[in-house]
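Enquirer: Fold the stuff below for me.
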Amino acid sequence: MRPASLILCLIGSAGSAAAQQQPLTTEQVAIGLNTPHWVCAAPGDDASRIFVLTHWGRIRIVENDVINPTPFLDIHALVTFDGNEQGTLGMVFHPDYAQNRTFYVTYVDVNGDWVLARYLRDAIDPNLGDPASAQILLTIPHPIIWHHGGWMEFGQDGYLYIATGDGGGVGDPYDSGQRGDTLLGKLLRIDVDGGFPYAIPPGNPYVGDPLVLDEIWAFGLRNPWRGDMDDLTGDIWFGDVGQDTWEELDYLPAGQAGANFGWRIVEGFHCYAPPVGCNQAGMTPPIHEYQHANGPVGYRCSITGGHVYRGRAMATMQGRFFFGDYCSGEIFSTRTDGLGTVDFREHYAELTGALGPNVNVVGFGQDADGEIYVCNQADGSVHRIVPAGLRLRVPQLLAGGAGALSLEGGKRSQPYAILYSLSGLGSTPVPPANVVLDLALPSLLGRGMTNALGGAVHAVTVPPSAAGRSVWVQAAQHGLTSNVVAETVD
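Expert: Predicted structure coming up:
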């Protein structure tokens, strides 16, 4: 029986099919934290356990949506925080953390300088970092109190990439973004495994240039606040906070060295110094900009870079970069063709209100499954972005084993169908059921009736022959489709 006929007999007929974007909402996983602004997972952990970095010098563990009362690391005595742009800035786990217990933190120290430090997890307790293990790898003197950046991530090449701000002041008064003799206003690349405090990776573009420091990978940043290195492609995204008028979203393909993002010569696409007639030859423009102005839910004034979605629960969102604005609380997402934005979306109607009555989007992050989190500084909360409406959950599938799929948010006491594809995403209209499946060549996995709350638990048996296969699964009721879950059978 063809998919259209299957769904017709299961969930009725009538109406016309129209594809809709994946509806989103959020789940609160923590609240009451002091200035949370970054979420990450330790290698080897599962998605139930995340680490939340706060500006006030503390790293907190949230496990099964419960905050561990003891901080993983507390270095608040080492940190200066003005309630705005100072404090603890970034953290990242070493790729071999499960073996070497090593992680890295950037912060503003008591002298107001930018610091990169290496720490070890406690040898016995996985819930504790060892503050006594600190080793300072890099200190960058900071002339003014603002614009520290501090986002960092390990690349697929094994090297540590770090984005730094220009050192503060209106209009980058020291021209740090364009000078080669300072690490301020740059994207850096260093080898933390090659020696102490670190080594310079081969291939850094300015090695041997006496006018440019060896650590520099790219020029021309003002205040890169939060970013991501795409887990799949290695491409780099970050939001660079503007001066007075323009916020910009920057993008750098994996392995591309020597880019110049233009600050302070340009702000976004526009000349800044000089204000007209600036020379933009050889510069890498942003893929998106927006102006300081009133948006649908508030005044837009400061971009917060985010994360590329590579999770399993919302396969149709794969490759979308989620980011926001600190002041308006809006959240956006986009893909890119390498030159500009593609399929740009504003999610304020779905997500901003779900974050609470007062919203300052100050950071993002992801868990071990690649699901994305949003940090709201206004109430100290952390939220997970999840599918809205009819929601399908699929456990890890084991070849030859049994599993229980679950549905929620559906029509009450109504038929449902669960379908799967071995071909991936697609668009399969089923007009009699008034749905468009997001699957290519879908087949029926099962059917049933939802309960009085609109939910269901559906048992499946995975054939042994499915080992190593990728499968995409979606549920449908008349007029409703769920999220698509992407899974690889173990």
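Enquirer: domain ranges for this protein?
Expert: 3-20+390-488, 24-387 (automatic domain parsing).
Enquirer: Please identify the most buried of those domains.
Expert: domain 24-387 (a mean of 19; mean count of other C-beta atoms under 10 Å). All C-beta spots, glycine's among them, are computed from the backbone N, C-alpha and C.
Enquirer: looking at this, A349 is in a strand?
Expert: No: A349: not assigned to a strand; according to DSSP: H, G, I helix; E, B strand; the rest coil it is helix.
Enquirer: T316 should be in a strand, yeah?
Expert: No: going by three-state DSSP, the assignment for T316 is helix, not a strand.
Enquirer: I'd like the distance between Y107 and V297.
Expert: Y107 is 32 Å from V297, where distance means C-beta to C-beta, to the nearest Å.
Enquirer: So in this protein, where's the weakest helix or strand by average pLDDT?
Expert: The helix or strand of the chain with the poorest confidence is helix 3-11; it has a mean of 42 (mean pLDDT, DSSP states H and E).
Enquirer: Centre of the chain to the helix or strand following it, how far?
Expert: For helix 3-11, the following helix or strand on the C-terminal side (DSSP states H and E) is strand 24-30. Averaging C-alpha positions (C-alpha atoms, centre = their mean, to the nearest Å) puts strand 24-30 15 Å from its chain's average.
Enquirer: Please apply the same query to stretch 121-131.
Expert: In terms of C-alpha atoms, centre = their mean, the centre of stretch 121-131 is set 26 Å apart from its chain centre.
Enquirer: Repeat that for stretch 159-170.
Expert: Worked out by C-alpha atoms, centre = their mean, stretch 159-170 lies 19 Å from the chain centre.
Enquirer: Stretch 185-196 too?
Expert: Distance, centroid of stretch 185-196 to centroid of chain: 22 Å (C-alpha atoms, centre = their mean).
Enquirer: Endpoints of that stretch, how far apart?
Expert: Across stretch 185-196, the terminal residues are separated by 24 Å (C-alpha to C-alpha, to the nearest Å).
Enquirer: so who does I372 touch?
Expert: I372 is in contact with 306-307, 309, 311, 322, 364-366, 384-385, counting by C-beta atoms under 8 Å, 6 or more residues apart in numbering.
Enquirer: so what's it bridging to?
Expert: I372 has these beta-bridge partners by DSSP bridges: Q366.
Enquirer: distance of it from V386?
Expert: 9 Å.
Enquirer: cool, N100 as well?
Expert: 33 Å.
Enquirer: Could you export the contacts of I372 to TSV, including columns for distance to A354, pLDDT and secondary structure?
Expert: Listed next are the contacts of I372 as TSV, based on distance: C-beta to C-beta, whole Å; pLDDT from 0 to 100; DSSP: H, G, I helix; E, B strand; the rest coil:
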residue	distance to A354	pLDDT	secondary structure
G306	16	96	strand
H307	17	97	strand
Y309	17	97	coil
G311	18	96	coil
F322	14	98	strand
F364	15	98	strand
G365	17	97	strand
Q366	18	97	strand
R384	11	98	strand
I385	9	98	strand
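Enquirer: and of these, the nearest to L78?
Expert: Sorting those by how near they are to L78, with C-beta to C-beta, puts G365 at the top with 22.6 Å.
Enquirer: Can you tell me how far A452 is from R412?
Expert: Taking C-beta to C-beta, one finds A452 at 6 Å from R412.
Enquirer: same deal with G389?
Expert: For G389 relative to R412 (C-beta to C-beta), the value is 14 Å.
Enquirer: before we move on, what about Q366?
Expert: Q366 is 33 Å from R412, by C-beta to C-beta.
Enquirer: could you pull out the strands for the stretch 1-150 of the chain?
Expert: Here the stretch 1-150 of the chain has its strands, by DSSP state E, counting those that start in this stretch, at 24-30, 36-40, 49-54, 58-63, 66-67, 73-74, 88-93, 102-108, 114-121, 129-140, 149-154.
Enquirer: so what strands line up beside the fourth one?
Expert: The one in question is strand 58-63. strand 49-54 (antiparallel), strand 66-67 (antiparallel), strand 73-74 (antiparallel).
Enquirer: pull the CA atoms of that strand into PDB?
Expert: Only the C-alpha atoms of strand 58-63 are listed here, as PDB (Å, rounded to 0.1, in the frame of the first residue of the first chain):
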ATOM      1  CA  ARG A  58      31.400  29.600  38.400                       C
ATOM      2  CA  ILE A  59      30.800  26.600  36.200                       C
ATOM      3  CA  ARG A  60      27.600  24.700  37.200                       C
ATOM      4  CA  ILE A  61      26.500  21.200  36.300                       C
ATOM      5  CA  VAL A  62      22.900  20.600  35.400                       C
ATOM      6  CA  GLU A  63      21.900  17.000  35.300                       C
END
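Enquirer: Thanks again, I'm all set now.
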